[in-house]
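Q: my questions are about this predicted structure, shown below with the sequence.
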Amino acid sequence: MKVLVAGGGIGGLTTALSLHAAGIDCEVYEGTAEMKPLGVGINVLPHAVRELTELGLADQLAATGIPTRELRYITMHGQLVWQEPRGRAAGYNWPQYSIHRGRLQMLLWQVARERLAGRLHTAKRAAASRQDAHGATLHFTDGSSATGDAIVGADGIHSAIRAERHPNEGPPRWKGAVLWRATSIAPAFLDGATMIQCGHHNLKFVCYPIANNPDGTQLINWIAERILPADTAWNREDWNRGGSLDDVIPHYRDWSWDWLDVPALMARAQSVYEFPMVDRDPLEQWSVGRITLLGDAAHPMYPIGSNGASQAILDARVLAMHLKRGATVEAGLAAYDAARRPPTAALTLANRGLGPDIILERTHERAPQGFKHIHDVMPEAELRETAARYKQLAGFDPELLNERESHSA
Ligand SMILES: Cc1cc2nc3c(=O)[nH]c(=O)nc-3n(C[C@H](O)[C@H](O)[C@H](O)COP(=O)(O)OP(=O)(O)OC[C@H]3O[C@@H](n4cnc5c(N)ncnc54)[C@H](O)[C@@H]3O)c2cc1C
């Protein structure tokens, strides 16, 4: 069996490594001419770290990212609402990593190049996919084509493979939130391994370290999220679009606390990117015969709750497992669809609500000026229950993960 993978992002490359580990031949076709470490920070949840560990990448991950120990929810006044352990500290057998998205992609690219010599191709932009009873053909924008037994569209939020099947879907759905994403080099805050989510629905700030520097400083990722008026025209989503600090710093002027000075951290940004918070409605089918979708091409979701890359990694491993076990290519892809579409659809819809941030929103509604003690605003039981709800949906249960069978094919 030979699988043609359109897209060499985190999803496409993990697919290639997983297929290779399962003994299935594959070729990866990446649209860009040159691989560069693009993007800023992302989080790879223990579920996905487990998968990458089973692919033999544990040491490289540990050398590249920061194992996140804690998540704290903080008000716009710098007050702690809730804190919970993450990764191994939460009882998982695998860490959670906060990591530079581009460095992770380059790591996967290098390993895939070593393991799948000659099977990774750049400057090959997928334009169309075709299939018949005997195989599948991927056509590229340069007029060339490749043939195999199956096609995986892992070509991101503007997937050509998805658009071909859903020509009337239109642009991704935007409801007014814009993210400014950046990294700053700065001294560590808190214990140097904590992620913070601060503010409320209309003005949010998320921040976590993604690398240690030899001089003791850290590379700190931050995301500022603002809701713009409903009639604002915004730019098309492009992960590489530059943004301006002038659009964010003034809104966070008062967010300076004794343990973190948000505007000062922002002012140290190396470069800033803007991205509208977009997603798409869940599809009723990903796999049609020999062709399927994966990662952002299959389930673009709001980039909250650390699920973008993590879910793509899970897709990749489950896809390879079912292709290996399936009686036919079509049966394998159908089983993958049945396993992965419902949970990712539920997450997409959950992220449209307040996702994991509901705890902050409730606190802000009840005590917009701050509080003396958090329990004056929300009793312990409600805090615990609110924090647990999103985690349940996202499958954040250490016991379930630790005891689940491996996806290794
Ligand atoms: C440049 C870039 C920067 C990003 N930065 C961030 C970030 O800072 N924070 C964050 O949360 N998420 C970021 N993302 C998105 C994040 O990587 C994904 O949500 C997640 O990792 C799922 O990965 P994916 O492989 O499905 O999609 P992607 O990571 O988007 O990868 C898709 C890949 O397919 C390639 N491609 C696109 N169209 C075609 C085509 N027609 N033919 C062949 N190849 C094609 C793209 O060049 C890309 O390499 C970024 C994505 C990109 C492409």
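A: That came through fine.
Q: and the longest strand seen in the chain, what other elements does it pack with?
A: Looking across the chain with DSSP state E, the single longest strand is strand 173-186. Under the contact criterion of 3 or more Cβ pairs under 8 Å, 6 or more residues apart in numbering; DSSP states H and E, strand 173-186 touches strand 218-227, helix 262-267, strand 269-279. C-betas here are computed from N, CA, C, even on glycine.
Q: mind doing that once more with 6 Å?
A: strand 218-227, strand 269-279 (3 or more Cβ pairs under 6 Å, 6 or more residues apart in numbering; DSSP states H and E).
Q: ok and the very next helix or strand once past that strand relative to strand 218-227, angle-wise?
A: Downstream of strand 173-186, the next assigned helix or strand under DSSP states H and E is strand 194-200. Put simply, strand 194-200 runs at 20 degrees to strand 218-227, going by axes from the mean of the first three to the mean of the last three Cα atoms, to 10 degrees.
Q: tell me the strands beside the following helix or strand past strand 194-200, with direction?
A: Per DSSP H and E, the first helix or strand lying C-terminal to strand 194-200 is strand 203-212. Here strand 203-212 is paired, per DSSP bridges, with strand 194-200 (antiparallel), strand 218-227 (antiparallel).
Q: save these as JSON lines, and put in mean pLDDT too.
A: Converted to JSON lines, the strands paired with strand 203-212 look like this (pLDDT from 0 to 100):
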{"stretch": "strand 194-200", "mean pLDDT": "96"}
{"stretch": "strand 218-227", "mean pLDDT": "96"}
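Q: quick one: which of those is nearest residue 1?
A: Closest to residue 1 of the strands paired with strand 203-212 is strand 218-227 (Cβ to Cβ; 38.9 Å).
Q: check the offset of the closest one from the chain's centre.
A: 15 Å (Cα atoms, centre = their mean, to the nearest Å).
Q: which parts of the chain sit against the ligand?
A: Counting by Cβ under 6 Å from any ligand atom, the residues of the chain close to the ligand are 6-12, 29-32, 38-40, 42, 101, 125-126, 154-156, 160, 181, 239-240, 295-297, 303, 308-309, 312.
Q: restricted to strands, list the residues you listed.
A: Counted as lying in strands by DSSP E, out of those, are 6, 29, 42, 126, 181.
Q: need phi/psi at the closest residue to residue 125 other than its chain neighbours.
A: Computed as Cβ to Cβ, 6 or more residues apart in numbering, the closest residue to residue 125 that is not its neighbour in sequence is residue 31, at 3.7 Å. Main-chain dihedrals, residue 31, degrees, to the nearest 10: phi -70, psi -30.
Q: do you know the pLDDT at residue 31?
A: Predicted confidence (pLDDT) at residue 31: the value is 98.
Q: just residue 109 next, same as before
A: Residue 109 is assigned 98 on the pLDDT scale.
Q: over to residue 382?
A: pLDDT at residue 382 comes out at 92.
Q: wait, a strand at it?
A: No. Counting by DSSP: H, G, I helix; E, B strand; the rest coil, residue 382 is not found in a strand; it is helix.
Q: pLDDT score for the residue nearest to the spatial centre of the chain?
A: In the chain, the C-alpha nearest the mean C-alpha coordinate belongs to residue 308, at 2.1 Å (Cα atoms, centre = their mean). If you check residue 308, the pLDDT there is 90.
Q: from the ligand, how far out is residue 333?
A: Here the distance between residue 333 and the ligand works out to 17 Å (Cβ to the nearest ligand atom, to the nearest Å).
Q: give me the element that residue is part of.
A: Following DSSP H and E, one finds residue 333 within helix 329-352.
Q: now the element after that helix, going C-ward?
A: Using DSSP H and E, the helix or strand that follows helix 329-352 in sequence is helix 358-366.
Q: in the stretch 51-200 of the chain, which spans are strands?
A: 66-67, 70-74, 80-85, 97-100, 120-121, 126-131, 136-140, 145-148, 150-153, 173-186, 194-200 (DSSP state E, counting those that start in this stretch).
Q: please identify which of those is closest to residue 24.
A: Closest approach to residue 24 among the strands of the stretch 51-200 of the chain is made by strand 150-153 (9.1 Å; Cβ to Cβ).
Q: could you list the paired strands of that closest one along with their orientation?
A: strand 2-6 (parallel), strand 291-293 (parallel).
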